[in-house]
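Q: here's a sequence, model it:
(2 chains)
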Protein chains: 2
Amino acid sequence: MDRRSILGIAGIAAMLPPEVLAQSQSSGNAPSENAAPIGPEPGVRHKVDFGVIGLDHAHIYSMTDAMIRGGGVLKAFHATDPRQIDAFRKRYGNAVKLARSEDEILGDKTIGLIAGAPIPDLRAPLGIRAMKAGKDYLGDKPAITSLDQLAEVRRTIKETGRKFAIMYSERLEVRAAVQAGELVRQGRIGKVIQTVNLAPHRIGSGRPDWFWDKARYGGILTDIGSHQADQFLFYTGSKTAHVVAAQTGNLKWPGKPDFEDFGDMMLTGDGGTGYVRVDWFTPDGLPTWGDGRLFILGTEGYIELRKYVDIAGRPGGNHLLICDRQGVQYMDCSRVHLPFGPQFIADVVERSSVAQDQDQALLAAELVLTAQKNATRPVSA
Amino acid sequence: MDRRSILGIAGIAAMLPPEVLAQSQSSGNAPSENAAPIGPEPGVRHKVDFGVIGLDHAHIYSMTDAMIRGGGVLKAFHATDPRQIDAFRKRYGNAVKLARSEDEILGDKTIGLIAGAPIPDLRAPLGIRAMKAGKDYLGDKPAITSLDQLAEVRRTIKETGRKFAIMYSERLEVRAAVQAGELVRQGRIGKVIQTVNLAPHRIGSGRPDWFWDKARYGGILTDIGSHQADQFLFYTGSKTAHVVAAQTGNLKWPGKPDFEDFGDMMLTGDGGTGYVRVDWFTPDGLPTWGDGRLFILGTEGYIELRKYVDIAGRPGGNHLLICDRQGVQYMDCSRVHLPFGPQFIADVVERSSVAQDQDQALLAAELVLTAQKNATRPVSA
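A: Coordinates of the predicted model:
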């Protein structure tokens, strides 16, 4: 992270209560260093009134921002923690209505879309209630923490015809990842054979109790790993896939028996294969929350993303390196457009599936839930 | 690779027949750009007369160089291909004796050590003959291509008390990898949890028939992957380990049914866990033979090696990046000392095991042979 980014976050930090900051700066869930978007991007064609329910994960800021940039109009939000409410109002303005209950939002016929980031195990039930209330849903990842929840989500989608979208932000809201998708689409590296994701995260301090409780966050592969399962499916273009092997463990926190700090998995699909490592071992000395990497191997070239930091290298994030038949090229992706918000709002209005393939989003969830269930231990001592 | 390295290799190239160059420059098995060492490094305490048998892999140059730097005195070599013989003589001088047969070397009582790089499936039988002739053996990797060979190697070591060493050059002869070992030993990244190796290679042109025949090279995990299994065991300090999952496949060469161009495996041991990807997909545009990476994750930090190239970055190879509690640091390891040669020659004389742990070297072989045997396909189409 360069000096300007640090200062940028510091600027936002002054506006936010310390508990939000502690969670966000240390864990990578910070609100964007920019102010909240005040309206849709130029060229956006649709408007959709949306509500926000559940502010337990700071991802809700980037989700809300993406909806506003895409044409969403934030009508109301609901949460019960006064500090969460305060922080949300500071960012989006006191004029945004605080609903007294979830039902007040679900019952509002003008609202077509719910964005939610409650505690992970509450996200699928919320989405199911939203769909049954006739609304589309965008849940923070992991939007589903058990195979039972997954089955019920699938059933409800079928019954209601509504959308259950999942914000896999490490692809959808990372500019370098968007650019990688475009290069793959162009055929620059031939046919994609494999993705490798390394996704370290910083624990930091000030984590809530549910952070340590596998029953609530679903396990490390379910929680963090759902991002990477999404990337594997997307870049390989896989429509079917299964887990080859998975491991999870707690290697550093003997006092937290329901916590997992390491997980990895091998996946394979009809489009290619994938490996994922997720962990909570970002060292104290790294200037940002995680040195997230993605390697996309193709038959004629490969792409590396240094998503959030280029250690001992270039400043800032969103670094893309590509090697193909012609040579090696570096691309600074910090100004690449993020299409998810506008595409998703258009999907809501037009009943299309441009922003996210429903089956693929749920298959990513299924993969990590299965991996989590069958995982062995990472050290065979 | 920087301009000087390219020119350096070009200089050597002029001295070598084209078939050696085609194999070496395109595949990364080039003789060092420096001239062959003329004698041991300063401070080396022992001399051992050694012979070389089998020049089918150009690795024999770095193996011979390492022995000479360590105190080895090259007495004789044996090969039958006139082009191989010619290239070897050009590098080490016409005074080196060409033995008329393998037996002439094995029967020479003054020779204590055999270094060999015949076709992979011939390496273990050669090592067994060498040990039975009372000599220690250094075989190019993969020194063993079947579990039957492995059993016989272990039996012969026990019977003869001789050494069967394996040149895992991607650790032992890579300066950045040596430095990583030193940093791990110092505890700079806490306890090692995991290693991730990505090891792409270039196929190039001019490969011999055996290159395409799995029965001869043992499969991609056995061949290339043995390097990475060695690194996993060494950096995690594992004494026992097993294969969690493995995949191998041929994704680009339908006309070569006995070839594998992709392999990966998850390993776990009593010291930590590991993931390995090996492939023959180095793109034409990469300025060297492979963008080999190693990530060593510890409880308090991590190390990344960009072994042979820092794409779109710093010139040359041997790049080490470390992030620990204090911060991020780049280390240019291009002048780090390579200890294997002197240590191994001392081991031969002193009957010690400083250069390589015999059990660990064979366990690395066992892991890849088992992985190879049980591997599933990488694409589940």
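Q: any idea how far chain B is from residue A:120?
A: 25 Å (Cβ to the nearest Cβ, to the nearest Å). All C-beta spots, glycine's among them, are computed from the backbone N, C-alpha and C.
Q: ranges for the helices of the stretch 51-200 of chain A?
A: The residue ranges that make up the helices of the stretch 51-200 of chain A, judged by DSSP state H, counting those that start in this stretch, are A:59-70, A:82-92, A:102-106, A:123-132, A:147-160, A:169-172, A:175-185.
Q: quick one: closest of these to residue B:195.
A: Shortest distance between residue B:195 and these, using Cβ to Cβ, is found for helix A:169-172: 23.1 Å.
Q: my read: residue A:108 touches residue A:76, true?
A: Yes - the pair residue A:108 and residue A:76 passes the contact test of Cβ atoms under 8 Å, sitting 6.9 Å apart.
Q: any common contacting residues for those two?
A: Shared contacts of residue A:108 and residue A:76 (Cβ atoms under 8 Å, 6 or more residues apart in numbering or on different chains): residue A:51.
Q: can you name the residues bridging to residue A:199?
A: According to DSSP bridges, residue A:278 are recorded as the beta-bridge partners of residue A:199.
Q: tell me the contacts of it?
A: For residue A:199, counting by Cβ under 8 Å, 6+ apart, the contacting residues are A:170, A:224-225, A:227-228, A:276-279, A:290, A:292-293.
Q: likewise residue A:298?
A: For residue A:298, the residues meeting the contact criterion (Cβ under 8 Å, 6+ apart) are A:184, A:188-193, B:281.
Q: for the stretch 201-350 of chain A, which segments count as strands?
A: Secondary structure of the stretch 201-350 of chain A (DSSP state E, counting those that start in this stretch): strands at A:241-249, A:262-269, A:273-279, A:293-298, A:301-306, A:319-323, A:328-332.
Q: now mean pLDDT too, for those strands, in CSV please.
A: Listed next are these as CSV, based on pLDDT from 0 to 100:
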stretch, mean pLDDT
strand A:241-249, 98
strand A:262-269, 98
strand A:273-279, 98
strand A:293-298, 98
strand A:301-306, 98
strand A:319-323, 98
strand A:328-332, 98
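Q: columns distance to residue B:350 on top of those strands, output as a markdown table?
A: Shown next, in a markdown table, are the strands of the stretch 201-350 of chain A (distance: least, Cβ to Cβ, whole Å):
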| stretch | distance to residue B:350 |
| --- | --- |
| strand A:241-249 | 40 |
| strand A:262-269 | 40 |
| strand A:273-279 | 40 |
| strand A:293-298 | 43 |
| strand A:301-306 | 44 |
| strand A:319-323 | 45 |
| strand A:328-332 | 46 |
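Q: can you tell me the closest non-neighbouring residue to the closest residue to chain B within the stretch 201-350 of chain A?
A: When scored by Cβ to the nearest Cβ, the stretch 201-350 of chain A has residue A:245 as its residue closest to chain B, at 3.4 Å. Once flanking residues are discounted, residue A:245 sits nearest to residue B:245: 3.4 Å by Cβ to Cβ, 6 or more residues apart in numbering or on different chains.
Q: what about the one you found, how many neighbours?
A: 22 (other Cβ atoms under 10 Å in any protein chain shown).
Q: I figured it was touching residue B:267, is that so?
A: No - the criterion here is Cβ under 8 Å, and residue B:245 misses it with residue B:267 at 9.2 Å.
Q: ok, residue A:331 - how many residues close by?
A: Residue neighbour count, defined by other Cβ under 10 Å, stands at 18 for residue A:331.
Q: now residue A:60: closest residue in space that isn't a chain neighbour?
A: In space, not counting the residues next to it along the chain, residue A:60 is nearest to residue A:117; the distance is 3.9 Å by Cβ to Cβ, 6+ apart.
Q: contact residues of the stretch 101-250 of chain A facing chain B?
A: Contact residues of the stretch 101-250 of chain A with respect to chain B, defined by Cβ under 8 Å from any Cβ of the partner chain, are listed as A:189, A:193-194, A:196, A:198, A:200, A:240-242, A:244-245, A:247.
Q: between those, which is closest to residue A:300?
A: Using Cβ to Cβ, the shortest approach to residue A:300 within these belongs to residue A:189, at 5.7 Å.
Q: what bridges to the closest residue to the closest one other than its chain neighbours?
A: Nearest in space to residue A:189, with sequence neighbours left out and distances taken as Cβ to Cβ, 6+ apart, is residue A:298 at 3.1 Å. Beta-bridge pairing of residue A:298, defined through DSSP bridges, involves residue A:192, residue A:301.
Q: isn't residue A:124 right up against residue A:144?
A: Yes - shown here, residue A:124 and residue A:144 form a contact pair, counting by Cβ under 8 Å, at 4.6 Å.
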